[in-house]
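Visitor: next come a sequence and a model predicted from it.
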2 protein chains.
Amino acid sequence: MEYQEAKDKFISTWGSLGSLWGINKAMAQIQALLFISTKPLSMEEIMEDLKISRGNTSMNLRQLMDWGIVTKTLVAGERKEFFTTEKDVQELARIVAVERSRREIKPVVKVLDEVSSIKDDGTAKTKELIKQTKALHELTETMDVMINKLVNQKQNWITKSLLKLFK
Amino acid sequence: MEYQEAKDKFISTWGSLGSLWGINKAMAQIQALLFISTKPLSMEEIMEDLKISRGNTSMNLRQLMDWGIVTKTLVAGERKEFFTTEKDVQELARIVAVERSRREIKPVVKVLDEVSSIKDDGTAKTKELIKQTKALHELTETMDVMINKLVNQKQNWITKSLLKLFK
DNA sequence: ATAAACTTTCAATAATTATTGAAAGTTTAA
DNA sequence: TTAAACTTTCAATAATTATTGAAAGTTTAT
């Protein structure tokens, strides 16, 4: 496999994985492109390489910056903006985990808490709703705590966690 | 909040969470409905409760069965089929984790392995591609091992894991 | 065998989500 | 200032994904 083929394969795989995880394709592909780039890229270069429009590139770069995965970099002597992504995989994974916790898990925990706190009117169906959503609430909250715990180990968190689990 | 409102809120939240995670809305809603039901439900009842068509119900029930989350149950004296979902949250989480590992993570690990194994032609961009995809490969594989490790503790795996991590 | 009761399939359609591109907005250099 | 260089916004459109519903398929009881 040649460089170009490998590159395309990586970008497209990362893109479809992204959309499977609620991150849109272009966003994932831009990140992938920056991830394997040896230097910061301009909007122009990204558009050209991925064959996507200026508008699309602009919007998705913004989202990536909102996630804290991509940052603007100044390139000496250049007027236009250049972009880079976090290059350390562990730090990348940390950011993604924290963001997903904040955006997706926490709101669900809140709803589960509300739903499981309704007044028990004594009927079987109400009891079941309360019981099951309580269990789900507890699970989701535990998972969230776990993620945040894992992720706050900073240095080498994945390896450290793995070791603990294997004991 | 009354029973019906709480039920609707739970089902719709679970539904949108589902679509955020690459599971379609109807599929997640059917599972949610079964999860809080006090008895097995027929296709008829599911259709009616969620206001979705027969075809949609049939297809999504099949998917839920493929995932191993929903099972057909025979109800004495009834000809039609009835459905139930796994009611234990920890077991449910285990099944989902194993399935996602199989369906999503493993194929990506494979691609990353292929891409990171291309011949190093000495250019900077090839070196960078290899380096970064290798790092991603290692990360993804470690995470996959971690998930499978977590999940194979069977009994009370989440609590057990949390304890280990807190030490 | 037949027909009623039920489930599945799948082409057509609807709903949702992503993408474009050009106009509006902003920044910088001279 | 002004105008060129650049970025953002957003209504229109395209692409994708989900849903319907009716015909075809299957099972069961008689």
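Guide: Received it, and whenever you're ready, just let me know what you need.
Visitor: burial measure for the residue in chain A that DNA strand D sits nearest to, as a count.
Guide: Of all residues in chain A, the one sitting closest to DNA strand D is residue A:55 (3.0 Å; Cβ to the nearest atom of the strand). For the C-beta atoms, the positions are set from N, CA and C on the backbone; glycine is no exception. By other Cβ atoms under 10 Å in any protein chain shown, 9 other residues sit near residue A:55.
Visitor: now the one 3 residues further on
Guide: Using other Cβ under 10 Å, residue A:58 has 12 other residues around it.
Visitor: Provide a list of residues in contact with it.
Guide: For residue A:58, the contacting residues are residue A:43, by Cβ atoms under 8 Å, 6 or more residues apart in numbering or on different chains.
Visitor: tell me how far the residue nearest the centre of chain A lies from residue A:144.
Guide: Centroid-nearest residue in chain A: residue A:96, 3.5 Å away (criterion: Cα atoms, centre = their mean). The spacing between residue A:96 and residue A:144, counted by Cβ to Cβ, to the nearest Å, is 14 Å.
Visitor: how about the strands in chain A?
Guide: Using DSSP state E, the strands found in chain A span residues A:41-42, A:70-73, A:82-85.
Visitor: so which residues make contact with the first one?
Guide: When you say that, I think you mean strand A:41-42. A:33, A:34, A:49, A:78, A:80, A:81, A:82, A:83, A:84.
Visitor: measure how buried the nearest residue to residue A:56 once chain neighbours are set aside is and give me the count.
Guide: Nearest residue to residue A:56 in three dimensions, chain neighbours excluded: residue A:26, at 5.5 Å (Cβ to Cβ, 6 or more residues apart in numbering or on different chains). Using other Cβ under 10 Å, the number of residues around residue A:26 comes to 22.
Visitor: so residue A:26 makes contact with residue A:53?
Guide: No - with contact defined as Cβ atoms under 8 Å, residue A:26 and residue A:53 do not form a contacting pair (9.4 Å).
Visitor: which secondary structure element of chain A has the lowest mean pLDDT?
Guide: Of all helical and strand segments in chain A, the minimum by mean pLDDT, DSSP states H and E falls on helix A:157-166, at a mean of 76.
Visitor: and it, how far from the chain's centre?
Guide: 21 Å (Cα atoms, centre = their mean, to the nearest Å).
Visitor: before we move on, what about stretch A:125-140?
Guide: The answer for stretch A:125-140 is 28 Å, by Cα atoms, centre = their mean.
Visitor: do that stretch and chain B meet at all?
Guide: Yes - Stretch A:125-140 lies within reach of chain B by Cβ under 8 Å from any Cβ of the partner chain, at A:125, A:126, A:128, A:129, A:132, A:133, A:135, A:136, A:138, A:139.
Visitor: ditto for stretch A:155-167
Guide: Yes - Stretch A:155-167 comes into contact with chain B (Cβ under 8 Å from any Cβ), by way of A:158, A:159, A:161, A:162, A:164, A:165, A:166, A:167.
Visitor: and stretch A:88-100, what's buried?
Guide: Residues of stretch A:88-100 classed as buried under the neighbour-count rule (16 or more other Cβ atoms under 10 Å in any protein chain shown) are A:89, A:90, A:92, A:93, A:94, A:96, A:97, A:98, A:100.
Visitor: now do it: distance to the chain's middle.
Guide: 7 Å.
Visitor: check which helices and strands the longest helix along chain A sits against.
Guide: The helix that spans the most residues within chain A, counting by DSSP state H, is helix A:124-151. Helices and strands touching helix A:124-151, by 3 or more Cβ pairs under 8 Å, 6 or more residues apart in numbering or on different chains; DSSP states H and E, are helix A:89-100, helix A:106-116, helix A:157-166, helix B:3-20, helix B:89-100, helix B:157-166.
Visitor: and the angle from it to helix B:3-20?
Guide: Here the directions of helix A:124-151 and helix B:3-20 differ by 40 degrees (axes from the mean of the first three to the mean of the last three Cα atoms, to 10 degrees).
Visitor: would you mind listing the two of the contacts of strand A:41-42 that lie farthest apart?
Guide: Distance extremes for the contacts of strand A:41-42: the farthest pair is A:33 and A:78 at 18.6 Å, using Cβ to Cβ.
Visitor: now chain A against DNA strand C: closest residue?
Guide: Closest point on chain A to DNA strand C, by Cβ to the nearest atom of the strand, is residue A:55, at 2.0 Å.
Visitor: quick check, pLDDT for that residue.
Guide: Per-residue confidence (pLDDT) for residue A:55: 98.
Visitor: quick check: can you list the domain ranges of chain A?
Guide: Chain A breaks down into these domains under automatic domain parsing: A:3-85, A:89-166.
Visitor: and the longest one, end to end?
Guide: Right, domain A:3-85. End-to-end distance of domain A:3-85 (Cα to Cα, to the nearest Å): 21 Å.
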